[in-house]
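S.K.: after the sequence you'll find the predicted model.
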Amino acid sequence: MSGARTEVLARVRAALGQTGSGTTPSGKVGTAPHPEPVPRAYRAAGEHAVGSPEVLEQLVDRLVDYKAHVHQVATDALPATVAALVAELSGPARDVPGARPDRPVRVVVPDGLDDAWLAALPADVDVVRDSRERPLAATELDAVAAVVTAARVAISETGTIVLDGEPDQGRRAISLVPDVHLCVVRADQVVQTVPEAVRLLGEHPDRPLTWISGPSATSDIELDRVEGVHGPRTLHVLLVG
Amino acid sequence: MSRTFLGLPRTLRRPDDAGADQPFGPVPHPQEPLRWGDDFPAAAKQTLKNDQLRRNLGHATQVIRTKRAAVVGEVPDWEALRDAGSAVKQQVMAQLPDLLQQLEENVVARGGVVHWARDAAEANRIVADIAKAKGADEVVKVKSMATQEIGLNEALADEGIAAIETDLAELIVQLADDMPSHILVPAIHRNRSEIRDIFLARMGDAPPDLSDVPRELAMAARAHLRRKFLSAKVAVSGANFAVADTGTLAVVESEGNGRMCLTLPETLVTVMGIEKLVPTFDDLEVFLQLLPRSSTGERMNPYTSMWSGVTPGDGPQEFHLVLLDNGRTDVLADEVGRSALHCIRCSACLNVCPVYERVGGHAYGSVYPGPIGAILTPQLTASTGGVSGHHDPNASLPYASTLCGACYEACPVKIDIPSILVDLRAREVDADRSSRGVDPWKTAMKAASWVMADGDRFALAGRAATLGSGLGGRDHAVSVAPPPASAWTKARDLPAPPQQTFRQWWQAEHENEEGAR
């Protein structure tokens, strides 16, 4: 193993013309490259401020384009909206695993989620809490109708929401296995460009990140886009404030 | 006949030629994923006979070209992003030894295990040993070019481990026992009704009344794979990017199969070419803008996962990273060709290539088809004759191009594919020159220069050529000529010579004018 490490590194050095490193497998010794400095003339930030009406409008437009459902709500109306969306899940027409008319709807939430968001849920909704310390098994998550999470940052130009696994967003599995994802995004979390989001996420690069742009999709059949494959087939974005 | 005389290499047949007449596989799986079937001219001749393939491809590439153009057009700083992407990749190559060690250090510091593999066999051995140590007889896979390149699925099968492809297109290819034909959409050569037939015949649990509506087909795949995801112990992935300064790996995908594999199993093995690095986390801001718009023509792909080592309580608790050479250092040693390693596997060059659009991916005889494949495959196989090998089909790949330059225009990291193609052609010619006694190309050039050096000799030659004016058909083209010209007409028409030369025409037109000769 360490033999392979030493040899691959020696080959790389030989390819770059560093003498005394032997040759590459085809017997070559390359030349030292002279790379140009990286020109960073691209936009480091957008022209619109974080959370401005312009970026919110753009985010909504992009999300709708990807067939996500967007609900713009005031902070105090959030619990009622969450409750209404969860109530939809119990309808018999919904093709949702775990949603059976004879059983209560089960919703999973990360254990750091703001309890106030769930305050209006009907009493017969079964709320399950998940954490790194007490994780649900994948098969248990498969029997859950929906997940409610917060988010870390959203990018308006690309219609992207990023989760970073903090306690209000939870383990990666909980926003993946359930078929419906309710994701709460605060207006002040919405930036315009990718670089703005990357700089923010770079503050904690060790956190597991999930970038979500609409529900799962495939274009593998004749490049015809079909929304909803293995990840949640329905994405509700609740844009607050 | 010399290949250089034609500008196209001659036909070489290989024993593992695919049975292309079957509605779908089995296609004999090649011993070498980077070298299978005929050389390009012969393979292209075969695939060009397949009208269905050409229709499927023509439709698909046109759709994606339109989508890409629209989303690239709305980015005001697209060219600045391309410049940055290209320069970052140059920096990566120049600092590769340091960056690789930095990546290793950071992955290990965050609980991962790093392995190094000189070649495909070594990488396959590492993955198989990990799967066996976990007692797994089945692994789920995220679509990955690196694992295609090393033939991992076949190697695992030899060890009694089933590798299950979970990307929809890869699943279609795997069920059909076929080979991929596109970097991004491996089943691009299949239309919806072919896919339905494959599912019904091979999936086992496809609903019998399955229609050919893409949504229904996707739902059948979802149901088929769901149980696999929930029970898998080991997953294998590739990587789109690895960040040296944080040890972060990134996988870009659409369907959620990637997230399933990267999140649910206890053990994750990622196989990655040593060139896939970026120096810093911030560099992702460039590539996460360039890649999705160039590949699927979306502003952003539905899902991107990033992880650094192991996160206690979240996702795989055991993470292995396999750093793969497999010919890459030979590419890196080439001053001109090394920029082929900048490739981020978006496949934009395939979608804009007039040659790829007509012949399809299988004609390239490699898991890397299209313009990027034409420069990458020969170089990756350089140590076994891929660039200069006299009888190596890979040495024919640099001719699989019209040099129109569309690939260079589309490339998000500005790889100058046409220049590398020309360089590789020159090297193939040079290798050939030294290996032959009489070079017909040189002889013909010498003769031509003698003729053209003298006005009278040139006029005489012109008049002699008009004798062939009767050879052309109604379209004034010669499609079948006697040898040695047959070597030319095998691949393209020869315009029939005109009935008079320009000099003769001029003389006739200006007969009565003063000064006319």
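M.R.: It's in.
S.K.: every contact and neighbour count from this point should use C-alpha atoms.
M.R.: Will do.
S.K.: now residue 196, nearest residue through space, not along the chain?
M.R.: Just going to use chain A. For A:Glu196, ignoring the flanking residues on the chain, the nearest one in space by Cα to Cα, 6 or more residues apart in numbering or on different chains is A:Ala45 at 5.7 Å.
S.K.: let me rephrase: I mean chain B.
M.R.: Looking at B:Arg196 with Cα to Cα, 6+ apart, the closest residue is B:Asp212, at 5.5 Å.
S.K.: helix, strand or coil: sort out the one you found for me.
M.R.: coil (DSSP: H, G, I helix; E, B strand; the rest coil).
S.K.: now do the contacts for it.
M.R.: Listed by Cα atoms under 8 Å, 6 or more residues apart in numbering or on different chains, the contact set of B:Asp212 reads B:Arg192, B:Ser193, B:Ile195, B:Arg196.
S.K.: and the residue nearest to A:Glu196, that's in a strand?
M.R.: No - A:Ala45: not assigned to a strand; according to three-state DSSP it is coil.
S.K.: looking at the contacts of B:Asp212, which is nearest A:Pro53?
M.R.: B:Arg192 (42.4 Å; Cα to Cα).
S.K.: ok, whichever residue of the stretch 351-500 of chain B sits closest to chain A - contacts?
M.R.: The stretch 351-500 of chain B approaches chain A most closely through B:Ser383 (4.1 Å), counting by Cα to the nearest Cα. By Cα under 8 Å, 6+ apart, the residues touching B:Ser383 are A:Pro25, A:Ser26, A:Gly27, B:Gly327, B:Asp330.
S.K.: ok, and the most crowded of these?
M.R.: The most crowded member of the contacts of B:Ser383, judged by other Cα atoms under 10 Å in any protein chain shown, is B:Asp330 (28 neighbours).
S.K.: can you say which helix or strand has it in it?
M.R.: helix B:328-332 (DSSP states H and E).
S.K.: now do that helix: everything it contacts.
M.R.: For helix B:328-332, contacts defined as Cα under 8 Å, 6+ apart pick out A:11-12, A:15-16, A:24-26, A:28, A:30, B:93, B:273-275, B:337-341, B:376, B:379-380, B:382-383.
S.K.: what about the chain, any weak spots by pLDDT?
M.R.: Assuming you mean chain A. Residues of chain A that meet the criterion pLDDT under 70 lie in A:1, A:90-103.
S.K.: switch to chain B, that's the one I care about
M.R.: Checking chain B against pLDDT under 70 turns up B:1-29, B:434-439, B:514-517.
S.K.: what does the domain assignment say about it?
M.R.: As given by automatic domain parsing, the domain ranges for chain B are B:3-48+B:329-434, B:75-193+B:210-326, B:454-509.
S.K.: go on, chain A?
M.R.: A:1-35, A:53-240.
S.K.: check the offset of the shortest one from the chain's centre.
M.R.: Relative to the mean C-alpha coordinate of its chain, domain A:1-35 is positioned 39 Å out (Cα atoms, centre = their mean, to the nearest Å).
S.K.: what about stretch B:110-123 and chain A, any contact?
M.R.: Yes - with Cα under 8 Å from any Cα of the partner chain as the measure, stretch B:110-123 is seen reaching chain A through B:His115, B:Trp116, B:Ala117, B:Arg118.
S.K.: likewise stretch B:299-314?
M.R.: Yes - judged by Cα under 8 Å from any Cα, stretch B:299-314 comes into contact with chain A through B:299-308, B:311-314.
S.K.: and which of the residues you listed is nearest A:Leu238?
M.R.: Proximity of those to A:Leu238 (Cα to Cα) peaks at B:Pro302, which lies at 17.9 Å.
S.K.: re the thing from before, what's the first helix or strand after the helix holding B:Asp330?
M.R.: helix B:348-352.
S.K.: is that following helix positioned near chain A?
M.R.: No - Helix B:348-352 lies out of reach of chain A by Cα under 8 Å from any Cα, never closer than 11.8 Å.
S.K.: and residue 110, how many neighbours?
M.R.: Went with chain A since none was named. By other Cα under 10 Å, the residues close to A:Pro110 number 25.
S.K.: other chain: chain B
M.R.: Neighbours of B:Arg110 under the rule other Cα under 10 Å: 18.
S.K.: hang on, the earlier thing: now the residues of stretch B:299-314 next to chain A as JSON lines including secondary structure and neighbour count?
M.R.: Converted to JSON lines, the residues of stretch B:299-314 next to chain A look like this (DSSP: H, G, I helix; E, B strand; the rest coil; neighbours: other Cα atoms under 10 Å in any protein chain shown):
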{"residue": "B:Arg299", "secondary structure": "coil", "neighbour count": "27"}
{"residue": "B:Met300", "secondary structure": "coil", "neighbour count": "30"}
{"residue": "B:Asn301", "secondary structure": "coil", "neighbour count": "28"}
{"residue": "B:Pro302", "secondary structure": "coil", "neighbour count": "26"}
{"residue": "B:Tyr303", "secondary structure": "strand", "neighbour count": "26"}
{"residue": "B:Thr304", "secondary structure": "strand", "neighbour count": "22"}
{"residue": "B:Ser305", "secondary structure": "strand", "neighbour count": "23"}
{"residue": "B:Met306", "secondary structure": "strand", "neighbour count": "24"}
{"residue": "B:Trp307", "secondary structure": "strand", "neighbour count": "25"}
{"residue": "B:Ser308", "secondary structure": "strand", "neighbour count": "25"}
{"residue": "B:Thr311", "secondary structure": "strand", "neighbour count": "21"}
{"residue": "B:Pro312", "secondary structure": "coil", "neighbour count": "12"}
{"residue": "B:Gly313", "secondary structure": "coil", "neighbour count": "13"}
{"residue": "B:Asp314", "secondary structure": "strand", "neighbour count": "20"}
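S.K.: where along the stretch 51-200 of chain B do the strands fall?
M.R.: B:113-117, B:138-141, B:162-165 (DSSP state E, counting those that start in this stretch).
S.K.: which of these sits most buried?
M.R.: For the strands of the stretch 51-200 of chain B, average neighbour numbers computed from mean count of other Cα atoms under 10 Å in any protein chain shown are highest in strand B:138-141, which has a mean of 26.
S.K.: just give the strands next to that strand in its sheet, each with its orientation.
M.R.: Applying DSSP bridges, strand B:138-141 is found paired with strand B:162-165 (parallel), strand B:234-237 (parallel).
S.K.: let me know whether B:Lys228 touches B:Glu138 as I believe.
M.R.: No - using Cα atoms under 8 Å, B:Lys228 is not in contact with B:Glu138; the gap is 9.0 Å.
S.K.: can you pull the residues of the stretch 151-300 of chain B lying near chain A?
M.R.: The stretch 151-300 of chain B comes close to chain A at residues B:168-169, B:185, B:187-188, B:190-192, B:214-215, B:218-219, B:222, B:226, B:230, B:246, B:248, B:254-257, B:259-260, B:263-264, B:281-282, B:284-286, B:288-289, B:299-300, as judged by Cα under 8 Å from any Cα.
S.K.: the residue nearest to A:Glu196: how many residues sit nearby?
M.R.: As a burial measure, A:Ala45 scores 15 neighbours (other Cα under 10 Å).
S.K.: and it, how far from chain B?
M.R.: Separation of A:Ala45 from chain B (Cα to the nearest Cα, to the nearest Å) stands at 11 Å.
S.K.: and A:Arg11, by the same measure?
M.R.: Per Cα to the nearest Cα, A:Arg11 is found 6 Å from chain B.
S.K.: so what's that residue up against?
M.R.: A:Arg11 neighbours (Cα under 8 Å, 6+ apart): A:Ser21, A:Gly22, A:Thr23, A:Thr24, A:Pro25, B:Thr329.
S.K.: can you do 6 Å?
M.R.: A:Thr23, A:Thr24 (Cα atoms under 6 Å, 6 or more residues apart in numbering or on different chains).
S.K.: mind saving the C-alpha coords of the helix or strand where it lies as CSV?
M.R.: Assigned by DSSP H and E, A:Arg11 belongs to helix A:2-15. Below are the C-alpha coordinates for helix A:2-15, written out as CSV (Å, rounded to 0.1, in the frame of the first residue of the first chain):
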residue,chain,number,x,y,z
SER,A,2,2.7,2.5,1.0
GLY,A,3,4.5,1.2,-2.0
ALA,A,4,1.7,2.4,-4.2
ARG,A,5,1.7,5.8,-2.4
THR,A,6,5.4,6.3,-2.9
GLU,A,7,5.3,5.2,-6.5
VAL,A,8,2.3,7.3,-7.5
LEU,A,9,3.8,10.4,-6.0
ALA,A,10,7.1,9.7,-7.7
ARG,A,11,5.3,9.4,-11.0
VAL,A,12,3.5,12.7,-10.5
ARG,A,13,6.8,14.4,-9.7
ALA,A,14,8.4,12.8,-12.8
ALA,A,15,5.5,14.0,-14.9
